[in-house]
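> my questions are about this predicted structure, shown below with the sequence.
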Amino acid sequence: MPTTPLPNPPQLVVAASLAAVQGVLLVLLAVLEVAHVSAERLSLGVTTSVFFAVYGVALVGCAWALTRQQSWARGPVLLTQLIQLGLAWNLRDYPGVAVPMAVVAAIVVAGIIHPASMAILADDPTGSRRED
């Protein structure tokens, strides 16, 4: 008899949703970078665009995997938030940018390390945390 996965806790859904939004914004940033590439900085513009596009798509994929209760996705999403907190600190002279970045990163971290999220993302090779 097939088992159904346990429902995702709201904290995990919020964290995954915000991570997906971050990924979409990175892809948008890649598109904007391509639109503003000039001949003087062609190589830098293209490599930056490719990096942001790949990173954004990967982050959306990790957010989707979190909602599918895949524990491997937790690490890349948490690493992204730590990077974002560092960027927010570097941009502290621009509070209109830094504060939202820091708040979103803190919400995602809190949502992923919440005990309910940790329980649902725990490695379970036996499948015993599934509803029958």
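It's in.

> which residue ranges form the helices in the protein?
Assigned by DSSP state H, the chain shows helices spanning 10-35, 42-67, 74-90, 95-113, 115-121.

> so which of the ones you listed comes closest to residue 4?
Nearest of the helices of the chain to residue 4, taken as Cβ to Cβ: helix 115-121 at 13.2 Å. Where C-beta positions appear, they are placed from N, C-alpha and C, glycine not excepted.

> mind giving me the packing neighbours of the closest one?
Applying 3 or more Cβ pairs under 8 Å, 6 or more residues apart in numbering; DSSP states H and E, one finds that helix 115-121 contacts helix 10-35, helix 95-113.

> the longest one vs helix 74-90, what angle?
Interaxial angle, helix 10-35 versus helix 74-90 (axes from the mean of the first three to the mean of the last three Cα atoms, to 10 degrees): 60 degrees.

> pick out the residue closest to the middle of this protein.
Here the mean C-alpha position of the chain is nearest to the C-alpha of residue 19 (Cα atoms, centre = their mean), at a distance of 3.1 Å.

> that residue: what's it in contact with?
Residue 19 is in contact with 59, 60, 62, 63, 66, 77, 80, 108, counting by Cβ atoms under 8 Å, 6 or more residues apart in numbering.

> pLDDT weak spots in the protein?
Within the chain, the ranges that satisfy pLDDT under 70 run 1-3, 124-132.

> got the contact list for stretch 56-73?
The contact list for stretch 56-73 (Cβ under 8 Å, 6+ apart) reads 5-6, 8, 12-13, 15-17, 19-20, 22-30, 74, 76-77, 80, 112, 120-123.

> mind giving me the PyMOL command for buried ones among those residues?
Listed next is the PyMOL selection for buried residues among these, using 16 or more other Cβ atoms under 10 Å:
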select buried, resi 8+12+15+16+19+20+22+23+26+27+29+30+74+76+77+80+112+120+121
